[in-house]
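Q: For reference, the sequence and a predicted model appear below.
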Amino acid sequence: MVSVCMYFHAHQPHRLKRYGMFEIGVHSDYFDEKANREILDKVSHKCYLPTNTLLKELIEEHKGDFKVSFSITGTILEQLEQFRPDVLESFKELARTGHVEFLSETFHHSLAYLYSKEEFEHQVALHRKKIEEHFDQTPVVFRNTELIFNNDLAIHVEKMGFKGILAEGADHILEWRSPNFVYRPASTQKIKVLLKNYKLSDDIAFRFSNKQWEEHPLSTEKYVSWMNSVNGSGELINLFMDYETFGEHQWEDTGIFEFLRHLPKKVLEHPDNRFVTVSEAVDNHDVRGEFDAHNFISWADLERDLSAWLGNSMQKGSIEKLFSLEKEIKSSGDERLIRDWRYLTTSDHFYYMCTKWFTDGDVHKYFNAFDSPYEGFIAFMNSVHDIELRLKQRKKER
Amino acid sequence: MLGWEFPPFFAGGIGIVCYELSKALADKNVEVTYIMPFGPRNTRSPFLKKLITAENMYPTIKVHRVDTMMHAYMNEETYTQEYTVRMLEEKTSATGVKKQLYGKNLLQEVHNFAHRAMLIAEHEEFDIIHCHDWMTVPAAIGIKHASKKPLIVHMHNTVFDRYLQNTNSVEYDIEQRGLDEADKVLCVSHFIRNTVLTKYHADEQKVGVLHNAAQKMSDAQVAPPTIQAHDRIVLFAGRITVQKGPDYFVKASRLVADHMPDVKFVMAGTGDMLTQMIELVADLGLGDKFLFPGFYTRDDVDTLFSMADVFVMPSVSEPFGIVPLEAMYKGTPTIISKQSGCSEVLAHVLKVDFWDVEELAEKILAVLAYEELHQTLRSHGKYEVTQLTWDKVADRMKREYEQLCIEVKR
């Protein structure tokens, strides 16, 4: 029996403007509302709306035999509430089918776990509230930002009450073992880890439209035959990818929607196959081994580590500076100030400052809101300095 | 190769380019016969020894010097000035014999050079003619007609960069002829290629881009000699002419000084806008913040970059711009205008539009204020330029030569 667990990650950050040094103390509008809104509109049109519609059709057509899971960040939900209630409604409709599960994560898609356990737990709680409010369910499986994971995180998350956690099926940890089983994170008692099958996931997310790829064009038949070949040597295939894969990273004319449309039927043609959500994957499968990640892993780039966010001194310096203000920000009682500070914890800001262009450059450039990592750093630091100034003024006022 | 000497003082990049390219080609066993304008001015050059050494070190480089008064970046005006001075000197020394040697104007001198270069070429064996910039074009065309060998014209700039608004029809015509006669045109940037295609209507097929590379420099850090240690230093270095945008630098400096104490600005170099810049600095009340060390030599470059916290090149027109590469080599964070040709190959610098004084000031302040930015630009910038080697340029050049030779045989 092979279970297929698909989870889609939907996220949009509050992108920063090129907030200049001469603006510090003059105004505090760091965020590029116009660009954020335009991008949200574009992605809604190309991806969220058509894919939500398609998924709903497929769930109805297969009467619940087809099901999916979502990781949807607080920052995108906030933006949808404000600018695109229609898109939010279409996510809610999906939730109401009863065959869609929502994962837990940090509200702000942040790296908070690495810098403040207190802030981390707070952001997870904020996110839970948001999911409960919109989708009427409470997440039981946790996914950290960009699948950043290590043993200590699993221990921490287990204590917070989660029964499952997601991670990258990193080769250097699995070695000869397969990602297609459920594992137990080292030093944990009950929590199970679901590992991304990065080969099959990236076939869709990254390679689907690549004409240089020897398997191009990828038909649903061919793809499902690869999945079926897992039967006998694995129990669970975790296909984890950005939701924006559909229609945004892989444009409609690549045939990605047609691929998705035929996928459930082809998978279910094999009597041993079935779809599961993340909590079903955790419940239905026994632990087959230990997953021991002493150092942090992630799903980013070839390194599968933290270097995309914390690889250079600009990234480390700016995030340390931000978290050095945490206590004072929180005790200020200034809601707007706290909100702006939290927006800045979003990992994307640090991703934009990445300078390891020499191998993964193309991906970083594609996703960069700035012309260069240096511009990203300057805008971020200027914003933090204005926040610091506001903090000082606030203290004076008291 | 019809190129230029290694400049006696830091007068611009073309001499360096010719020198580095020839050396790198020699390392790849390409035999270079180098015809070099070499005039009275150069006998005083402290670099004379260096050149002779280079010649001996590379047996595959054979240098012919042609006695001429023309040198790189000259125009009719500067030629006439030098010619007049020269004539006065001749009169006072009362020899008077050499007077006939130099042309009365630059165009005449360019043709004199062509004539002498052709005489030299008659006795040389070669497969390719490779010339640099307009002054050597008539010589190159003459040699091409006599020898029937293919011609590469290497474009380091065009009349539109040298004169900005006003054009010079004499120089334009010579460039046009060079581009028409060339079998292959190599431009130092896409920016120049674009000019060559749109303003000279050159055949797109034969025009390529060959970016310059970085010259190896010593790793030694020179201790700042005079300026106080707690002052941060912002450096401008280059010809102080309208092309280099010195006025934007001064205006940005005013904004920087308003926001940060203990910053000093150094404007090194000389040029026809120097006086104007000194006046502008005074008008903006920056007198005590600015230093004008004037003319600087190659050796001074090390010191300048070592003491600077940030180097700025706000060029209005910069076909390539080799100075930022030198600054980065010395680990100095660098800001360049987006209009510079080198901006096409550099990622680890900050880029601004030359006219955006406020943005330039913002970026200078950011480099001075944020240590992590300074550090990252410093280390990544240095790494980036060490990857831009003349060896790679010479590889490409050699392939171009071989390709042309094959095409000719057909």
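A: That came through fine. Numbers count the residues shown, from 1 in each chain, chains lettered A, B, ... in the order given.
Q: Excluding covalently adjacent residues, which one is nearest to residue A:183?
A: The shortest distance from residue A:183 to any non-neighbouring residue, by Cβ to Cβ, 6 or more residues apart in numbering or on different chains, is to residue A:291 (3.8 Å). All C-beta atoms are positioned from the backbone trio N, CA, C, and that covers glycine.
Q: Bridge partners for the one you found, pull those for me.
A: residue A:185 (DSSP bridges).
Q: can you tell me the residue of chain A closest to chain B?
A: residue A:317 (3.7 Å; Cβ to the nearest Cβ).
Q: for the stretch 151-300 of chain A, what spans make up the strands?
A: A:164-168, A:182-185, A:192-196, A:236-242, A:273-276, A:287-291 (DSSP state E, counting those that start in this stretch).
Q: After the worst-scoring helix or strand of chain B on mean pLDDT, which helix or strand is next?
A: The helix or strand of chain B with the poorest confidence is helix B:48-57; it has a mean of 54 (mean pLDDT, DSSP states H and E). Per DSSP states H and E, helix B:48-57 leads on to strand B:61-67 as the next helix or strand towards the C-terminus.
Q: doesn't residue B:371 make contact with the residue of chain A closest to chain B?
A: Yes. If you go by Cβ atoms under 8 Å, residue A:317 and residue B:371 touch, sitting 7.4 Å apart.
Q: So between those two, which is more surrounded?
A: For the pair residue A:317 and residue B:371, the greater number of neighbours falls to residue A:317 (19 against 12), based on other Cβ atoms under 10 Å in any protein chain shown.
Q: Look at the more buried one and give its secondary structure.
A: helix (DSSP: H, G, I helix; E, B strand; the rest coil).
Q: could you list every residue that touches the residue nearest to it when sequence neighbours are not counted?
A: Closest residue to residue A:317 apart from its sequence neighbours, by Cβ to Cβ, 6+ apart: residue B:372 at 3.7 Å. Neighbour list for residue B:372: A:312-314, A:316-318, A:377 [criterion: Cβ atoms under 8 Å, 6 or more residues apart in numbering or on different chains].
Q: Tell me which two in these are the farthest apart.
A: Among the contacts of residue B:372, the pair separated by the greatest distance (Cβ to Cβ) is A:316 and A:377, at 11.1 Å.
Q: Looking at the two, which has the bigger crowd around it?
A: Between residue A:316 and residue A:377, residue A:377 has the larger neighbour count (other Cβ under 10 Å), namely 28 against 15.
Q: Please tell me how far whatever residue of the stretch 151-300 of chain B ends up closest to chain A sits from residue B:358.
A: Closest to chain A within the stretch 151-300 of chain B is residue B:259: 7.0 Å, counting by Cβ to the nearest Cβ. Distance of residue B:259 to residue B:358, given as Cβ to Cβ, to the nearest Å: 11 Å.
Q: between those two, what contacts are shared?
A: Here residue B:259 and residue B:358 have residue A:22 as joint contacts, going by Cβ under 8 Å, 6+ apart.
Q: per-domain residue ranges of chain B.
A: Per automatic domain parsing, the structural domains of chain B span B:14-213+B:390-409, B:232-387.
Q: Contacts (any at all) between chain A and the longest one?
A: No. Using Cβ under 8 Å from any Cβ of the partner chain as the criterion, no contacts between domain B:14-213+B:390-409 and chain A are found, and the smallest distance is 15.6 Å.
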